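Q: Dropping a prediction and its sequence here:
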Amino acid sequence: MLRKGIALAALGLALVGGPALAAGEAAPPKHVDFSFKGPFGKFDQAQLQRGYKVYREVCAACHSMELLSFRNLGQKGGPFYDPDYSNPNDNPYVKTIAAEYQINDIDSETGDVIQRPGTSADSFPSPFPNEAAARASNGGALPPDLSVMAKARHHGADYIYSLMSGYREPPAGLQVAAGQYYNPYMAGDTTPFWTGEGHAPPGGFIAMPPQLAADKVTFDDGTPSTIDQQAKDVAAFLTWASEPKMEERKAFGFGAMIYLIIFAGLLYASYRRIWRNVAH
Amino acid sequence: MSGHSTYEPKTGVERWLDTRLPIIRLGWDSVVDYPTPKNLNYWWTFGGILAVCLMIQIVTGVVLAMHYVPHIDHAFASVERIMRDVNYGWLVRYMHANGASMFFIAVYIHMFRGLYYGSYKAPREVLWILGCIIYLLMMATAFMGYVLPWGQMSFHGAVVITNLFGALPIVGEAITTWLWGGFAVDNATLNRFFSLHFLLPYMIAGVVGLHIWALHVPGNNNPTGVNVKSKADTVPFHPYYTVKDGFAIVLFLILFASFLFYNPNALGHADNYIPANPLVTPSHIVPEWYFLPFYAILRAVPDKLGGVILMFGAIAVLFVLPWLDTSKVRSMRYRPTGKLYFLIFVLACLVLGYCGGQLPDNHVIPGLSTFTLIDADLNSMVWLSRLATLYYFGYFLVILPILGLTETPLPQPESISTPVLSHPASTPAGATAAPEKKG
């Protein structure tokens, strides 16, 4: 009877175990050995600085990052963290970066609308005053806010890297509408636009044209500025922006795990000792 | 909480208090001297684990409520602010979010344990029903909690679930409007969900008190399902089960911590980090993993009202289970046929959970198209869901009632102490079970 049950269970598992293959799926993102992966992973500060530069010189033209403030750049684990400035608001890099922006404000004396240089406490200014303006400048598409982008997509950093470096010419037989670009890593379904042979190509259409190009951003540390490098660095920066407390979390977790494992060992020893005279 | 109390006040203060409010006596009888069957296995530790889960959720939830802003324009950003700017806010928020999943893992194991060992049978029917009420409250609480971050899945999940009530004839539309506090899921909905999400955990805590009370009257069931016959069958709860439960709780916390610290978003959905937008519907709306079996049942029925009835029926049937199972034998250990049907039942629940996360038209066996039966290909998730749904209800409504009358159970032991014990005492027989003194 039990053997029959096991056989049935095995059959059931075989039935449910197969991967679902739906029509029109995006290509699986390429795996990158980012420094922050794994239980002891940490952000590479030089990479975060390069990534910030890519964000600032390329992405920030259209994408906002409303949840980030300049001070975040100088906090522990951030791109411009300096142990000499435990208060990131005092960090000279951060102050300089902030001061390069003009922030809309109200003059507290006159009530006039003014612009003043940014401070560490200001949040990143958005490129467009509102959604309508953003859409009007981007052919009707809204560039999403990037504050938590690495958490808002499956495979976070790998996905961002793959998408940014993965643009290619659409295969012959794929019709791409005006203002759209083919990307094999974009979610979507190309089947309705496919007139070629066989299976429709993976991926979908994205309103953002390819953004990265070799030497488009000059890296201050001399790292060769290839598309691949820019994509990796900006993916790392956006991952940090999504999870600025990740290093703290993993370090805390290591301590908590050691504590729990020792505690479990002590409790097990107590359990064996207390129960040794009881048949159970 | 019942029977003869062995508490003896030792100090003047205790004697004074005992004649006025015997609260120390209550605690003593409930968690120190409470006679517990000595053969409980690790499946029995999940009650204690659940108590810890509830406490973690309440403590972290109260702290989160100090920082959270229940407004559609601010909720999403306020949750992120907790993670970024509140001291250890990331810890509190990830604890609460993952804690909900851990709570459900533990409650499902706890329920399957009750089903396997017949813990719902007389005289524990009320205990079981109270547990079902707790489970129902947990589902409501978890659903409303998931709405609070106001991400895409929060919003569209709330739309889908509240719209289910619209399937009810005549009153459906009025109920939906009443739930929403308006004509769509909007700020009023978020506000009331926040209020109720704060209230329900205390109702759960209250019912948990009743659940423990109802446990302590008949006492624990045990893996043999045989009643406790004498004192030789039991040990005092403390230290025997405080230490065993404590060990299991810490093991469970290690599992919890591995998600919390190393993969805090694995059990959630990436789309919920996209702020809610009523104008953009996610391509694939899925509830949290612990609702997937019910979601599969809902979608297995082509008719909306029928699906809603079946989904709620899947929970309602649990309430009457004590009267559906006709077998006098509690533990499946002595019901070989019942055990087989139970294992298939567990499998059916897992299959339903799997189907709930898939698109209904997805193929079960990839790349194989068979023939269309009624409205869908036979090799599709929707048909697999239907099969599993049929078994889910069949198990309760057909198998358990009939099997109890037809099967031949194995002989049951005379008492807990008589069967061959899996862990004999290491000291010679005859040594009495004396509780280890502290220290």
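A: Looks like it arrived, so ask away.
Q: So which residues on the stretch 151-280 of chain A come close to chain B?
A: A:151-154, A:187, A:242, A:244-245, A:248-250, A:252-254, A:256-257, A:260-261, A:263-264, A:267-268, A:270-271, A:273-280 (CB under 8 Å from any CB of the partner chain). For every residue, glycine as well, the C-beta is placed using N, CA and C.
Q: tell me the contacts of residue A:91?
A: Residue A:91 makes contact with A:71, A:73, A:74, A:80, A:81, A:82, A:85, A:120, according to CB atoms under 8 Å, 6 or more residues apart in numbering or on different chains.
Q: possible to save these as JSON lines with distance to residue B:399?
A: Shown next, in JSON lines, are the contacts of residue A:91 (distance: CB to CB, whole Å):
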{"residue": "A:71", "distance to residue B:399": "63"}
{"residue": "A:73", "distance to residue B:399": "63"}
{"residue": "A:74", "distance to residue B:399": "65"}
{"residue": "A:80", "distance to residue B:399": "66"}
{"residue": "A:81", "distance to residue B:399": "63"}
{"residue": "A:82", "distance to residue B:399": "68"}
{"residue": "A:85", "distance to residue B:399": "69"}
{"residue": "A:120", "distance to residue B:399": "67"}
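Q: In PyMOL, how would I select the buried members of the residues you listed?
A: Buried residues among the contacts of residue A:91 (16 or more other CB atoms under 10 Å in any protein chain shown), as a PyMOL selection:
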select buried, chain A and resi 71+73+74+80+81+85+120
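Q: Is residue A:103 in a helix, a strand, or coil?
A: strand (DSSP: H, G, I helix; E, B strand; the rest coil).
Q: can you count the residues close to the closest residue to it other than its chain neighbours?
A: Of all residues not flanking residue A:103 in the chain, residue A:118 sits nearest, at 4.8 Å (CB to CB, 6 or more residues apart in numbering or on different chains). By other CB atoms under 10 Å in any protein chain shown, the residues close to residue A:118 number 21.
Q: from what I can see residue A:118 touches residue A:100, true?
A: Yes. At 7.3 Å, residue A:118 counts as touching residue A:100 under the criterion of CB atoms under 8 Å.
Q: separation between the residue nearest to residue A:103 and chain B?
A: Distance, residue A:118 to chain B, using CB to the nearest CB, to the nearest Å: 18 Å.
Q: can you pull the contacts of that residue?
A: By CB under 8 Å, 6+ apart, the contact set of residue A:118 is A:70, A:98, A:99, A:100, A:101, A:102, A:103, A:125.
Q: who touches the last one in this structure?
A: If I follow you right, that is residue A:125. A:101, A:102, A:103, A:104, A:118.
Q: Can you check which helix is longest in chain A?
A: helix A:246-275 (DSSP state H).
Q: Now do stretch B:201-210, average pLDDT.
A: Mean per-residue pLDDT for stretch B:201-210: 98.
Q: Show me the contact partners of that stretch.
A: For stretch B:201-210, using CB under 8 Å, 6+ apart, the contacting residues are B:51, B:54, B:57, B:58, B:61, B:130, B:133, B:134, B:137, B:138, B:141.
Q: Please tell me how far the residue positioned nearest the centre of chain B sits from residue B:269.
A: By CA atoms, centre = their mean, chain B has its centre lying nearest to residue B:107, at 2.8 Å. To residue B:269, residue B:107 is 21 Å away according to CB to CB, to the nearest Å.
Q: One more: residue A:133?
A: Counting by CB to CB - residue A:133 and residue B:269 are separated by 31 Å.
Q: Mind jotting down where the helices sit in the stretch 151-280 of chain A?
A: A:156-165, A:227-242, A:246-275 (DSSP state H, counting those that start in this stretch).
Q: What number of residues are in the vicinity of the nearest residue to residue A:179 once chain neighbours are set aside?
A: Closest residue to residue A:179 apart from its sequence neighbours, by CB to CB, 6+ apart: residue A:139 at 4.5 Å. For residue A:139, the count of nearby residues is 12 (other CB under 10 Å).
Q: helix or strand for residue A:139, which one?
A: Using DSSP states H and E, residue A:139 is not contained in any helix or strand.
Q: any chance you could read off phi and psi for it?
A: Per-residue torsions, residue A:139: phi 60, psi 30 (degrees, to the nearest 10).
Q: My guess is it contacts residue A:207. True?
A: Yes. Residue A:139 is within contact range of residue A:207, at 6.2 Å (criterion: CB under 8 Å).
Q: Please enumerate the shared neighbours of those two.
A: With contacts taken as CB under 8 Å, 6+ apart, residue A:139 and residue A:207 have residue A:179 as neighbours in common.
Q: confidence score at the residue nearest to residue A:179?
A: pLDDT for residue A:139: 90.
Q: Kindly report the same for the one 3 residues further on.
A: According to the predicted model, the pLDDT of residue A:142 comes to 95.
Q: And for residue B:414?
A: Residue B:414 is given a pLDDT of 89.
Q: and it, what does it touch?
A: B:226, B:229.
Q: Can you classify it by secondary structure?
A: Following three-state DSSP, the label given to residue B:414 is coil.
Q: Tell me how far it lies from chain A.
A: Distance from residue B:414 to chain A, by CB to the nearest CB: 15 Å.
Q: Give the burial count for residue 262, as a bare number.
A: All of this is about chain A. Neighbour count of residue A:262, defined by other CB under 10 Å: 11.
Q: that's the wrong chain, I wanted chain B
A: By the criterion of other CB under 10 Å, residue B:262 has 17 neighbours.
Q: go on, the one 10 residues further on?
A: Each residue near residue B:272 was counted by other CB under 10 Å, and the total is 26.
Q: wait, it sits on residue B:158?
A: No. Judged on CB under 8 Å, residue B:272 makes no contact with residue B:158 at a distance of 11.7 Å.
Q: which residues does the one residue in chain A that gets nearest to chain B contact?
A: Proximity of chain A to chain B (CB to the nearest CB) peaks at residue A:253, 2.5 Å away. Residues near residue A:253 by CB under 8 Å, 6+ apart: A:39, B:257, B:260, B:261, B:262.
Q: 6 Å instead?
A: Counting by CB atoms under 6 Å, 6 or more residues apart in numbering or on different chains, residue A:253 touches residue B:261.
Q: For residue 269, give me its contacts.
A: Chain wasn't specified; assuming chain A. Applying CB under 6 Å, 6+ apart, no residues contact residue A:269.
Q: not quite, I wanted chain B
A: residue B:153.
Q: likewise the one 4 residues further on?
A: By CB under 6 Å, 6+ apart, the contact list for residue B:273 reads A:148, A:151, A:152.
Q: Looking at the residues you listed, which one is closest to residue B:339?
A: residue A:151 (43.5 Å; CB to CB).
Q: what's the neighbour count on that closest one?
A: If you count neighbours by other CB under 10 Å, residue A:151 ends up with 21.
Q: go on, residue B:239?
A: For residue B:239, the count of nearby residues is 20 (other CB under 10 Å).
Q: Leaving out sequence neighbours, find the closest residue to residue B:69.
A: With sequence-adjacent residues excluded and distances taken as CB to CB, 6+ apart, residue B:69 is closest to residue B:78, at 3.9 Å.
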